[in-house]
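Visitor: Take a look and give me a structure for this.
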Amino acid sequence: MQMWSFREYLCFFLIYAFLGWCCEVVYAAAMHGKFVNRGFLNGPVCPVYGFGVCLVVFVLYPIKENLLALFLGSMLLTSAIELVAGYLMEKCFHHRWWDYSKRPLNIGGYVCLLFSLLWGLACVLVIDVAHPLVAKLVSLIPVKLTVILLAVLYAVLLADLVVTVLCVLKLNRRLRKLDEAAERLRVVSDSVGESLAEGTIAVKKRNEAFRAALREHKPGFGERRLLKAFPDIRSERYAEAMQELKRRLLGENKDAKAAEAAQRNAEQTAENKD
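Guide: So this is what the prediction gives:
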């Protein structure tokens, strides 16, 4: 029975977290035709992949010769991790970061049969093909050098986690302020609007004030990255504010693309004249 040390598992976690991030980037590029940092963190890692593969290696590597048991076990373990991670992240940060509700045979929108099958197949390939190479690579690194690298990389990972959590909390505060502003405007409009015409005017003013408040709160780099990385994100507490923020970011992206296209057309016209 193959056994690895805790130090080696720490290496495996970082390697598979990075490889998982690479897979997410490739998937996003294929779906959207552009680079999107799909990780929850700013750095090039997706910790859920690191946890998932390390757990599969720890639990199922002894039965790797039984492909059916390996596939079924991998599918169940990775789905359980995705389910728990999605649930905890929603409860901690009050946002749903991914949503499979529109896919058949899903559980609460956190997991679905299609991706569970894909995780199972991916883990079979990892155990049979990738992990022996990864384990061999890790064994070739001197122990002292490994300890130094792990200390540095995990310090960076911890700092990235702290920065990302603060960014999410800042986003929540911004959404709360926008939601409170919208609620105050609703109270004002309800008290003033006694007729249809007055109500229409109040709603119009409310929407204008709400958008004006939104314009004053421009999302920072970290918030923009999270909104791009998780386009299906939903706020359980501030749904209206979140949707308006996403619509605004989408409009800015469209304006930027239009400006880039106009610039390219102008350059092409200038070249043709020359």
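Visitor: for Leu227, what are its contacts?
Guide: Pro219, Ile233, Leu245, Lys246, Leu249 (Cβ atoms under 8 Å, 6 or more residues apart in numbering). Any C-beta I mention is one placed from the backbone N, CA and C, and that applies to glycine too.
Visitor: Which elements pack onto the host helix or strand of Met75?
Guide: In the assignment (DSSP states H and E), Met75 maps to helix 67-93. In terms of contact count using 3 or more Cβ pairs under 8 Å, 6 or more residues apart in numbering; DSSP states H and E, helix 67-93 is assigned the packing partners helix 47-60, strand 95-96, strand 111-112, helix 113-125, helix 143-192.
Visitor: Helix 67-93 and the last one, what's the angle between them?
Guide: Helix 143-192 and helix 67-93 are oriented at 50 degrees to each other (axes from the mean of the first three to the mean of the last three Cα atoms, to 10 degrees).
Visitor: Now do helix 143-192: distance to the chain's middle.
Guide: 13 Å (Cα atoms, centre = their mean, to the nearest Å).
Visitor: ditto for stretch 117-126
Guide: Taking mean C-alpha positions (Cα atoms, centre = their mean), stretch 117-126 and its chain are 21 Å apart.
Visitor: can you list contacts of it?
Guide: By Cβ under 8 Å, 6+ apart, stretch 117-126 touches 16, 52-53, 56, 60, 67, 70-72, 74-75, 77-79, 82.
Visitor: And it, what's buried?
Guide: Across stretch 117-126, burial judged by 16 or more other Cβ atoms under 10 Å covers Trp119, Gly120, Ala122, Cys123, Val124, Val126.
Visitor: Distance of the nearest residue to Glu8 once chain neighbours are set aside relative to Ala29?
Guide: Among residues not flanking Glu8 along the chain, Val138 sits closest, at 5.4 Å (Cβ to Cβ, 6 or more residues apart in numbering). The spacing between Val138 and Ala29, counted by Cβ to Cβ, to the nearest Å, is 29 Å.
Visitor: which one of the two has more residues nearby?
Guide: When neighbours are counted by other Cβ atoms under 10 Å, Val138 and Ala29 differ, and Val138 comes out ahead with 18 against 13.
Visitor: counting contacts, what elements does the helix or strand where that one lies pack onto?
Guide: Using DSSP H and E, Val138 sits in helix 131-140. Under the contact definition 3+ Cβ pairs under 8 Å, 6+ apart, helix 131-140 sits against helix 6-32.
Visitor: Appreciated, that's everything.
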